[in-house]
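Enquirer: what's the 3D shape of this:
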Amino acid sequence: MAAQAKSTWYNYYKLTRLHKFPHGNILSFWPAAWALAMAAFSINLPFRKLLAQTFMFAVRSTLLHSAACILNDICDIDFDRQVERTKNRPLVTGAISVTGATILLSTFVLASIVLLAMCSPSVLLWGLPGIFPFHALYPLMKRWTWWPQAWLGLAMNWSVLVAWISITGRINLQTVGILFAGTICWTIVYDTIYACQDRKDDIAAGIKSTALLFGTYICPILYLFTAAFIACLTYAGISNHQGLPFFLISVGGAVAFFVWQFVTWHVDDVNDCAAKFAANGNLGLIIWVGMILDYYWKTVL
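Expert: Modelled structure (predicted):
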């Protein structure tokens, strides 16, 4: 009985994808962390306040990403059983019930909303679209459009706007709007690489993705989205009057990462696609380190 209970709890744990932490979750967190660091830089926010906000957004992004994974699995039971990589997920095998998954989903969403409300009414107001419609409708996008990765970009990176408001109380479109656009391009890049794992199964199941849409032109198209991300990151830094650490480490490090990624990427190798997708978490760290050093240089030194 104890072993069965342990197995059930572990399957709920798998449903949240927390057993793969920080993969996936961290890609939801980094854009918010970037916006927090750049906003703090712009107004000379005390470090303890930046640290507190960063911790809060780390918890919230983890909760919201897990909630999105639960919802995705609920919506995609029939699809998942047709894809080799996902056919053993807990809802597909019947290890846990849809009712149980729905209760867990509601708990995570409620906790995420509470964290937004703890910041301010304006943060709550701006944060809610990230939950609905962006995260809520994402599982359906692979049925409706060849561009589910673009919609995922809206969902994963909406926190850029929310994080900026939590620091400054307002939106500066010239900086944060451009940064937001760039992060959407980044999501299209890494999630297209991720979707390459399932291209054969997705064709058979009728699942749409940019990995299929781009076809044999997948690499040159991703180069363009990568260039757009780098350009947006650079422009946002110029607009925000960032210093040398930002341009050397954040921008320069991003360029070096993408050169490595595309030179070494084997598009038809499932394992390499998974590894390259996961490596984008390291890119997030590189960019953030440059921003934090820039913030430290300006506000502390």
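Enquirer: From here on, just use CA atoms for contacts and neighbour counts.
Expert: Noted.
Enquirer: burial count for Val259?
Expert: 13 (other Cα atoms under 10 Å).
Enquirer: Next one: it relative to Ala136, how far apart?
Expert: Val259 sits 34 Å away from Ala136, going by Cα to Cα, to the nearest Å.
Enquirer: Three-state assignment for Ile207, please.
Expert: Using DSSP: H, G, I helix; E, B strand; the rest coil, the structure places Ile207 in coil.
Enquirer: Surely it touches Met141?
Expert: No. Counting by Cα atoms under 8 Å, Ile207 stays clear of Met141, with 9.4 Å between them.
Enquirer: So which residues of the stretch 51-200 of the chain form helices?
Expert: All helices of the stretch 51-200 of the chain, identified by DSSP state H, counting those that start in this stretch, fall at 77-80, 90-93, 98-119, 121-129, 136-144, 148-157, 159-168, 178-195, 199-205.
Enquirer: So for Leu36, which of those sits nearest?
Expert: Each of those has some distance to Leu36 by Cα to Cα; the shortest is helix 159-168, at 5.6 Å.
Enquirer: Give me the helices and strands touching the closest one, please.
Expert: helix 25-43, helix 121-129, helix 178-195 (3 or more Cα pairs under 8 Å, 6 or more residues apart in numbering; DSSP states H and E).
Enquirer: got a markdown table for the ones you listed, with mean pLDDT, distance to Gln242 and mean neighbour count too?
Expert: Below are the helices and strands packed on helix 159-168 laid out as a markdown table (pLDDT from 0 to 100; distance: least, Cα to Cα, whole Å; neighbours: other Cα atoms under 10 Å):
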| stretch | mean pLDDT | distance to Gln242 | mean neighbour count |
| --- | --- | --- | --- |
| helix 25-43 | 96 | 8 | 25 |
| helix 121-129 | 94 | 25 | 17 |
| helix 178-195 | 98 | 13 | 24 |
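Enquirer: Could I get those helices in TSV, plus columns for distance to Gly153?
Expert: Listed next are these as TSV, based on distance: least, Cα to Cα, whole Å:
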stretch	distance to Gly153
helix 25-43	10
helix 121-129	13
helix 178-195	4
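Enquirer: what's the closest of these to Ala231?
Expert: It is, among the helices and strands packed on helix 159-168 and with distance given as Cα to Cα, helix 178-195, at 7.7 Å.
Enquirer: Test for you: state the pLDDT assigned to Ile249.
Expert: pLDDT, Ile249: 98.
Enquirer: per-residue confidence at the closest residue to it other than its chain neighbours?
Expert: Leaving aside its sequence neighbours, Ile249 sits nearest to Gly290 (Cα to Cα, 6 or more residues apart in numbering; 4.8 Å). We note a pLDDT of 98 for Gly290 in this prediction.
Enquirer: From His65, how far off is Gly290?
Expert: Separation of Gly290 from His65 (Cα to Cα): 25 Å.
Enquirer: Between those two, tell me which one has more neighbours.
Expert: His65 (27 against 24).
Enquirer: Nearest spatial neighbour of that one, chain-adjacent residues omitted?
Expert: Spatially, and ignoring its direct neighbours in sequence, His65 is nearest to Asn25 (5.8 Å; Cα to Cα, 6+ apart).
Enquirer: and the gap between the one you found and Tyr217?
Expert: From Asn25 to Tyr217 the distance is 29 Å (Cα to Cα).
Enquirer: same check, this time on Leu128
Expert: Applying Cα to Cα, the value for Leu128 to Tyr217 is 36 Å.
Enquirer: same deal with Gln261?
Expert: Applying Cα to Cα, the value for Gln261 to Tyr217 is 17 Å.
Enquirer: you'd agree Leu283 is up against Ala256?
Expert: No. Leu283 sits out of contact with Ala256 when judged by Cα under 8 Å, with a separation of 9.7 Å.
Enquirer: higher neighbour count, the two?
Expert: Shown here are Leu283 and Ala256; by other Cα under 10 Å, Leu283 has more neighbours (20 against 12).
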